[in-house]
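[1] Sequence first, predicted model second:
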Amino acid sequence: MEDNKTQFPQQPPPPPNDVAETNKFWAPQAWAHLQSVRRSSPLIQCITNFVSMDLVANVLLSGGASPAMLHSVQEIPDFTPKTHALCINVGTLVPDWLPAMKMAAQVANECNKPWVLDPVAAGASGFRLKACLDLLKLRPTVVRGNGSEIMALFRGSVDENSKGADSLHESTDAIEAAKSLAQISGSIVAVSGAIDIVTDGHRVVGVKNGVPMLQKITATGCSVTALIAAFVAIDPLRPFEATATALSVFGLAGEIGMDMAKGPASLRMYLIDALHGLDEATILRRVNIGKML
Ligand SMILES: Nc1ncnc2c1ncn2[C@@H]1O[C@H](COP(=O)(O)OP(=O)(O)O)[C@@H](O)[C@H]1O
Ligand SMILES: Cc1ncsc1CCOP(=O)(O)O
Ligand SMILES: [Mg+2]
């Protein structure tokens, strides 16, 4: 992509409701989104944690996007307006980083750029929870967390049993919390897990791609959040659809990678290869998204 004025290809209009609930809609939509990311290579600014920087950048590249891990306050006024989406991840949060996160979110809003929040370990401490709730007030386009993170955000309280970045809850335990959070915040809310849940507060879809071994690789959650940012960048008026297809494409890459992997370390490698190589026929056959409830 040459410059920020580049127009992304128009996405097809939404289908009638009965079709929108089936793979007849979702599988071609997933392929259209992936193709669009590959063709236009959106620039995604990531203010993310130290653990995840490498995998997040590699997942964005293998998905077809352009990652930039810039997090200095001094650079945000110049750089954030040039990006096509922003991803903010609080994984290794220290107070020094919060002003940059807030400034970047505000600049993204002023420039009408979508931005995505990953509230890593939101319920682990009061400091982290307040930071996430403050960021939520800046109206992220999408919030993607695991079950425990979304429930902590909804309840607004520290989780006494928190296991940090790992979830103590199934994603399906958090459906009602996710719906309410989406209604209160105006953000699309995605809860990852065995079934990824995506809601705008009214519609709820479940994404049934992925393999359990993805939980044994650190930063796969951070990476799928960044991929969501790339998909929303190329379809900013339909963040609900873009979030569901990004989760599905990432999960499908995990499924294909798992066919070759011997364990988490090789899955990490094959996941990146599989995302890079995903083709239309595989997506049309294996994307698995459907209505929940
Ligand atoms: N049991 C599972 N089966 C299939 N895919 C899973 C499972 N658990 C997590 N995933 C996938 O792993 C990725 C990371 O999700 P998750 O582990 O919930 O995030 P986090 O690392 O932030 O806790 C997502 O793509 C999700 O769909
Ligand atoms: C382990 C850990 N600790 C702080 S950030 C981080 C990475 C979390 O990554 P993910 O949420 O994708 O598992
Ligand atoms: Mg996470």
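    Right, received. Where do you want to start? Numbers count the residues shown, from 1 in each chain. Ligands and ions are numbered 1, 2, ... in the order given.
[2] which SSE is the residue in the chain that ligand 3 sits nearest to in?
    Nearest residue of the chain to ligand 3, counting by CB to the ion: Gly221, 3.1 Å away. Every C-beta, even on glycine, is put in place using the N, C-alpha and C of the backbone. Per DSSP states H and E: Gly221 is located in helix 220-234.
[3] which other helices and strands contact that helix?
    Helices and strands touching helix 220-234, by 3 or more CB pairs under 8 Å, 6 or more residues apart in numbering; DSSP states H and E, are helix 23-40, strand 43-47, helix 53-63, strand 85-89, strand 115-118, strand 142-146, strand 188-192, helix 239-260.
[4] what's the average pLDDT for the following helix or strand past the fifth one?
    Toward the C-terminal end, the helix or strand that comes next after strand 115-118 (DSSP H and E) is helix 126-136. Helix 126-136 comes out with an average pLDDT of 98.
[5] can you list the residues that contact helix 126-136?
    88, 90, 93, 95, 98, 101-102, 105, 117, 119, 121-123, 143, 152-153, 156-158, 185, 187 (CB atoms under 8 Å, 6 or more residues apart in numbering).
[6] And ligand 3, is it touching that?
    No. Helix 126-136 is not in contact with ligand 3 by CB under 5 Å from the ion; minimum separation 11.9 Å.
[7] close to ligand 2, is that helix?
    No. If you take CB under 6 Å from any ligand atom as the test, helix 126-136 misses ligand 2, and the best it gets is 10.1 Å.
[8] Dump that helix to PDB, keeping only the CA atoms.
    Below are the C-alpha coordinates for helix 126-136, written out as PDB (Å, rounded to 0.1, in the frame of the first residue of the first chain):
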ATOM      1  CA  GLY A 126      -6.400  -3.000  40.400                       C
ATOM      2  CA  PHE A 127      -3.800  -1.100  38.400                       C
ATOM      3  CA  ARG A 128      -4.300  -3.200  35.300                       C
ATOM      4  CA  LEU A 129      -8.100  -3.200  35.600                       C
ATOM      5  CA  LYS A 130      -8.300   0.600  35.900                       C
ATOM      6  CA  ALA A 131      -6.000   1.000  32.900                       C
ATOM      7  CA  CYS A 132      -8.200  -1.300  30.800                       C
ATOM      8  CA  LEU A 133     -11.400   0.400  31.900                       C
ATOM      9  CA  ASP A 134      -9.800   3.800  31.100                       C
ATOM     10  CA  LEU A 135      -8.900   2.500  27.600                       C
ATOM     11  CA  LEU A 136     -12.400   1.100  27.200                       C
END
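[9] Check which residues of that helix are buried.
    Of the residues in helix 126-136, those buried by neighbour count under the rule 16 or more other CB atoms under 10 Å are 128-129, 131-132, 135-136.
[10] the inter-axis angle of that helix versus strand 142-146?
    150 degrees (axes from the mean of the first three to the mean of the last three CA atoms, to 10 degrees).
[11] Is there any residue in helix 126-136 that contacts ligand 1?
    No. Between helix 126-136 and ligand 1, judged by CB under 6 Å from any ligand atom, nothing touches; the nearest distance is 13.2 Å.
[12] what angle separates that helix from strand 85-89?
    Going by the same axes, to 10 degrees, helix 126-136 makes 160 degrees with strand 85-89.
[13] quick check, distance from helix 126-136 to the centre of its chain.
    18 Å (CA atoms, centre = their mean, to the nearest Å).
[14] The residue in the stretch 151-293 of the chain positioned nearest to ligand 2: how many residues sit nearby?
    Closest contact between the stretch 151-293 of the chain and ligand 2, by CB to the nearest ligand atom, is at Gly221 (3.0 Å). For Gly221, the tally of surrounding residues (other CB atoms under 10 Å) stands at 24.
[15] Please name the spatially closest residue to Lys216 (chain neighbours excluded).
    With sequence-adjacent residues excluded and distances taken as CB to CB, 6 or more residues apart in numbering, Lys216 is closest to Pro264, at 4.1 Å.
[16] burial of the nearest residue to Ala261 once chain neighbours are set aside, as a residue count?
    Distances taken as CB to CB, 6+ apart place Leu267 nearest to Ala261, at 3.8 Å, with adjacent residues excluded. Neighbours of Leu267 under the rule other CB under 10 Å: 22.
[17] Residues of the stretch 51-200 of the chain that sit close to ligand 3?
    Residues of the stretch 51-200 of the chain lying near ligand 3 (CB under 5 Å from the ion): Val120.
[18] Give me the below-cutoff pLDDT ranges for the stretch 51-200 of the chain.
    Regions of the stretch 51-200 of the chain meeting the criterion pLDDT under 70 are absent.
[19] rewinding a little: adding distance to Pro77 as columns, could you present the helices and strands packed on helix 220-234 in a markdown table?
    Below are the helices and strands packed on helix 220-234 laid out as a markdown table (distance: least, CB to CB, whole Å):
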| stretch | distance to Pro77 |
| --- | --- |
| helix 23-40 | 24 |
| strand 43-47 | 13 |
| helix 53-63 | 22 |
| strand 85-89 | 13 |
| strand 115-118 | 16 |
| strand 142-146 | 24 |
| strand 188-192 | 27 |
| helix 239-260 | 25 |
